[in-house]
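**Student:** I would like the atomic coordinates for the input below:
(2 chains)
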Amino acid sequence: MAEHETHEFDVVVIGAGGAGLRAAIEAHDQGARTALVCKSLLGKAHTVMAEGGIAAAMANVYADDNWRVHFRDTMRGGKMLNSWRMAQLHAQEAPDRVYELEEWGALFDRTDDGRILQRDFGGHRFARLAHVGDRTGLEMIRTLQHRAVSKGIDVFMECTVMRLLTDGGQIAGAVAYWRESGRLIVFRAKAVVLATGGIGKAWKVTSNSWEYTGDGHALALWAGADLVDMEFVQFHPTGMVWPPSVRGILVTEGVRGDGGALRNAEGRRFMFDYIPEMFRAETAETEEEADRWYDDRQSNRRTPDLLPRDEVARAINTEVKEGRGSPHGGVFLDIASRRPADYVRRRLPSMYHQFKELADVDITREPMEVGPTCHYVMGGIRVDPDTQAATVPGLFAAGEAAGGMHGANRLGGNSLSDLLVFGLRAGRYAAEHAARVPTPPAVDPGLVEATEREALAPFERDVGENPYTVQQELQDCMQELVGIIRTEDELKSALERIAALRERAGRVGVEGHRQYNPGWHLAIDLRSLLTVSECVALAALERRESRGGHTRDDYPKPDPELGKVKVVVRLRDGEPAVAREPLDDLPDDLKQLFEGKPRS
Amino acid sequence: MTSYDVTLRLWRGDSGGGELRDYTVACEDGEVVLDAIHRVQATQAGDLAVRWNCKAGKCGSCSAEVNGRPRLLCMTRLNVFERGEPITVTPLRTFPVVRDLVTDVSFNFEMAKRVPAFAPRPREADGTYRMQQQDIDRVQEFHKCIECFLCQDVCHVIRDHEENKRNFAGPRMFIRYAELEMHPLDTGDRRELVRGQMGLGLCNITKCCTEVCPEHINITDNAIIPLKERVADTRYDPIAWLGSKLRRRGKPPPDGG
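**Tutor:** Model (predicted):
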């Protein structure tokens, strides 16, 4: 076989967003020889786009906050389908992870007495999000990036992993290619952490960047690991809708947290018409009460504009469908008439900038037009809640690529804290696992060669399918048939179309050569995009109920029986297949938190 | 929605050389240069290399030169150009070309490795760090940097003088040194490093970096000149000396030094 550039490490972390960076730092601190491999330049991962904040019950603004309240909010937001243990660890450990960032140089906005300020977000009972204006993700990724660089961790930038290597069912490494040269690179590793983020690029309207092609999900599945909760995809209620060029770009929930209100074309604050039973007791019924709540939490209930994201996204969808939408097919988000201009510019500088430059809209003077955008996948690689170990020995996962933590719907702000809490845990236990493996497992040269052959095949087809066309058709398919509202017929037809696209993806041809060739890279990414799309559609077909980020028009209500199970996807005879498995039982002391009135 | 034709004159080539080539694509109101480039990729040149990620002005990946001016491709609206005139897009000139519009920006990452890490003072007795918002406003301004490296690209110290790259960190890194220097918790002293090996003195404050910053960071006034002043406490730098004569700084450094 051809000689390939080969590197040997104890732990290889794939993905350099918040979770990957935190995992690599921890693995390194545990003494593991650690590599960080990322598809883009360091510091450009999707974490950089996170806006609103990091949810952590530090109780800096409301002394009544504590991990139990945060845990309860997270579970209710996830419609009780979350892995309770992950939700517990997350709520307990998030404050320490935030303070740690501060110790590494992050500068969060401050309270009057000089502590970390926390802001309101949907589904959180108390103002809980540590933030830096509306660019919290940038602060977080830069802080972690500087930390990792100062520790001298080996970083492989613009390096895309195509396949995980296993040896006797155990992780042995990964095969990747350098973007710049197109050459193959082989990693031998005792443990691999997948921190590759999400799958949003399978949809047409998305807040996600090109990298979000579900690589980690697919790599894990192909290596024999289980995926869970893949039917649960979060459509963030507020993406930009106009001009078409920016459709889908995120408008932070912080706009509503800081006083912005949703209105339909008639000027009505329609969210008051969509308060679900589960949240009725703690949601304001009148505009007056909702507006008073921003200043006085004790005697008022929270605004329905800040219901969990799944509720708000569905409400907007209905308003638009019933003809009460804005001119470009969204609804209005108004902060201009509700807060002073300098307050808006100070609290939401990126939003101000983004609308001004890209849409010619001054958000201090006029309302924004917003609508749902594919934002986050709750589903992911099935992991042990404490160690983040996947079902393949030596494989770990953290962040958006891992499943379970958020159940059927993620609360805003819980993603950045998830990255930190479980990034650290994945790094720690991957290092521990590596220390127990005496010699690195063997790499099968045949598999490396087969991966290379498969990757290079598109160059040999002069007149093949255009990879860009295949991707666009997949995005149209997922948008139309596996979107916010789903039905059995549509899901079945989506599966047929995905199968046909998979066949066409096997015939894609690319022009040019291996050096920095985006058409070729997309041809490779199509494999994981198609795999995760199929997993989502299969899981969505299996869950015949509506819950959280999964709404079935043909089964509009939650089904209590399905509330006890998770849908698992794993390969059977080389093809993804679904199975139902019971959720872990909530222990009695935690169960109490959900009985009777909310307890502080 | 009106559609109209846009002609892009794109630099195609690699480290061995290249040329400008014209591509015409249909574009719509509100679109940006990156949209037009993506359409060229999808329909006419599948292997056209361009680096991008977020397409929302937040990640700083898609830096290039549009009609000779350093810009983010995703934040440059097509309607700022004369209709009918071709729009020329070339790679950043200060960095070696990899392919087409993609350059090798590893210089910046190498310089980042040479920055001594943040070194905080101990926490308060209650386990927290207390800082007032007005004491961190300035450093938060520097933390807005998206590392697009447009400031590095436009800085004439390295734009036309490859040899200076060995001993000149550039505006991006000066912001980084300034943010550490002004961080209320940091205890390190990097003044000698930034003066000596990082070449702070080579900057003669022409403010080109400030002009191209898409985050509107006042790189020269708020980072470089104050850094020069601090360094001048130990060494003589004519521009810092002049600066210290011309403007009074309101806030003493947090370490009281």
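**Student:** for the stretch 1-150 of chain A, what lies in contact range of chain B?
**Tutor:** Applying CB under 8 Å from any CB of the partner chain, we find that the stretch 1-150 of chain A lies next to chain B at A:40-44, A:46, A:48-49, A:99, A:102-105, A:107, A:109-110, A:113-115, A:132-133, A:135, A:138-139, A:142, A:146-147, A:149-150. To be clear about C-beta, it is placed using only N, CA and C from the backbone, and glycine gets the same treatment.
**Student:** could you redo the last one with a cut-off of 6 Å?
**Tutor:** Listed as neighbours of chain B in the stretch 1-150 of chain A under the rule CB under 6 Å from any CB of the partner chain: A:40, A:43-44, A:48-49, A:102-103, A:105, A:107, A:110, A:114-115, A:139, A:149-150.
**Student:** spatially, which two of these are the most separated?
**Tutor:** A:Ser40 and A:Gly114 (36.3 Å; CB to CB).
**Student:** neighbour-wise, which of the two wins?
**Tutor:** More neighbours surround A:Ser40 than the other of A:Ser40 and A:Gly114, with 25 against 17 (other CB atoms under 10 Å in any protein chain shown).
**Student:** quick one: which of the residues of the stretch 1-150 of chain A next to chain B is nearest B:Gly199?
**Tutor:** Nearest to B:Gly199 out of these is A:Val149 (CB to CB; 20.3 Å).
**Student:** okay, the closest one: pLDDT?
**Tutor:** For A:Val149, the model assigns a pLDDT of 98.
**Student:** likewise B:Ala232?
**Tutor:** 82.
**Student:** neighbours around it, how many?
**Tutor:** B:Ala232 has 20 neighbours, counted by other CB under 10 Å.
**Student:** distance of it from chain A?
**Tutor:** To chain A, B:Ala232 is 25 Å away according to CB to the nearest CB, to the nearest Å.
**Student:** list the contacts of A:Ile363.
**Tutor:** Residues near A:Ile363 by CB atoms under 6 Å, 6 or more residues apart in numbering or on different chains: A:Tyr352, A:Phe355.
**Student:** secondary structure class for it?
**Tutor:** Under DSSP: H, G, I helix; E, B strand; the rest coil, the three-state class of A:Ile363 is coil.
**Student:** now A:Thr238
**Tutor:** Once three-state DSSP is applied, A:Thr238 turns out strand.
**Student:** now it: how far from A:Gly152?
**Tutor:** Distance from A:Thr238 to A:Gly152, counting by CB to CB, to the nearest Å: 41 Å.
**Student:** so between the two, which is more surrounded?
**Tutor:** A:Thr238 (28 against 9).
**Student:** near chain A, which residues of chain B?
**Tutor:** Checking chain B against chain A by CB under 6 Å from any CB, the hits are B:30-32, B:35, B:42, B:46-47, B:49, B:53-54, B:56, B:58-59, B:61, B:75, B:98-99, B:102, B:112-113, B:117-118, B:120, B:128-133, B:136, B:139-140, B:143, B:147.
**Student:** how about stretch B:149-166: buried residues?
**Tutor:** Going by neighbour count (16 or more other CB atoms under 10 Å in any protein chain shown), the buried part of stretch B:149-166 is B:Phe149, B:Leu150, B:Cys151, B:Gln152, B:Asp153, B:Val154, B:Cys155, B:Val157, B:Ile158, B:Arg159, B:Asn164, B:Lys165.
**Student:** in TSV, list these along with secondary structure, distance to A:Ala218 and pLDDT.
**Tutor:** Listed next are the buried residues of stretch B:149-166 as TSV, based on DSSP: H, G, I helix; E, B strand; the rest coil; distance: CB to CB, whole Å; pLDDT from 0 to 100:
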residue	secondary structure	distance to A:Ala218	pLDDT
B:Phe149	coil	32	98
B:Leu150	helix	35	98
B:Cys151	helix	38	98
B:Gln152	helix	36	98
B:Asp153	helix	36	98
B:Val154	helix	41	97
B:Cys155	coil	42	97
B:Val157	helix	46	96
B:Ile158	helix	41	96
B:Arg159	helix	42	94
B:Asn164	helix	45	95
B:Lys165	helix	40	94
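**Student:** and those, which two are furthest apart?
**Tutor:** The span of the buried residues of stretch B:149-166, defined through CB to CB, is set by B:Leu150 and B:Asn164 at 17.9 Å.
**Student:** ranges for the helices of the stretch 201-350 of chain A?
**Tutor:** For the stretch 201-350 of chain A, the helices defined by DSSP state H, counting those that start in this stretch cover A:215-222, A:254-257, A:277-280, A:287-293, A:309-321, A:341-347, A:349-359.
**Student:** out of the ones you listed, nearest to chain B?
**Tutor:** helix A:349-359 (5.8 Å; CB to the nearest CB).
**Student:** please state the offset of the closest one from the chain centre?
**Tutor:** Distance of helix A:349-359 from its chain centroid, counting by CA atoms, centre = their mean, to the nearest Å, is 23 Å.
**Student:** need the CA coordinates for it. CSV is fine.
**Tutor:** This file holds the C-alpha atoms of helix A:349-359, laid out as CSV (Å, rounded to 0.1, in the frame of the first residue of the first chain):
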residue,chain,number,x,y,z
PRO,A,349,-24.5,44.8,19.4
SER,A,350,-24.2,41.8,17.0
MET,A,351,-27.9,41.8,16.2
TYR,A,352,-27.8,45.5,15.6
HIS,A,353,-24.8,45.1,13.3
GLN,A,354,-26.2,42.0,11.5
PHE,A,355,-29.6,43.6,10.6
LYS,A,356,-28.1,46.9,9.7
GLU,A,357,-25.5,45.5,7.4
LEU,A,358,-27.3,42.5,5.9
ALA,A,359,-30.9,43.6,5.8
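**Student:** for the one residue in chain B that gets nearest to chain A, grab phi and psi.
**Tutor:** Using CB to the nearest CB, the closest approach of chain B to chain A is made by B:Gly30 at 2.4 Å. Here is the backbone geometry of B:Gly30 (degrees, to the nearest 10): phi 90, psi 0.
**Student:** can you count the residues close to it?
**Tutor:** Counted with other CB under 10 Å, B:Gly30 comes out at 19.
**Student:** would you map out the domains in the chain?
**Tutor:** I went with chain A, as the question did not name one. A:235-374, A:459-562 (automatic domain parsing).
**Student:** please go with chain B instead
**Tutor:** If you go by automatic domain parsing, chain B breaks into B:3-103, B:106-246.
**Student:** among those, show the one with the smallest mean pLDDT.
**Tutor:** Note on those: lowest mean pLDDT is at domain B:106-246, with a mean of 92.
**Student:** so what's the gap between that domain and the chain middle?
**Tutor:** So, by CA atoms, centre = their mean, the centroid of domain B:106-246 is 12 Å from its chain's centroid.
**Student:** wait, what's in contact with whichever residue of chain A sits closest to chain B?
**Tutor:** Nearest residue of chain A to chain B (CB to the nearest CB) works out as A:Pro243 at 2.4 Å. A:Pro243 makes contacts with B:Gly30, as judged by CB under 6 Å, 6+ apart.
**Student:** try A:Gly15
**Tutor:** A:Gly15 touches A:Ala195, A:Thr196, counting by CB under 6 Å, 6+ apart.
**Student:** regarding chain A, what is its longest helix?
**Tutor:** helix A:518-542 (DSSP state H).
**Student:** which other helices and strands contact it?
**Tutor:** Counting by 3 or more CB pairs under 6 Å, 6 or more residues apart in numbering or on different chains; DSSP states H and E, the packing neighbours recorded for helix A:518-542 are helix A:215-222, helix A:467-481, helix A:488-505, strand A:565-572, strand A:575-582.
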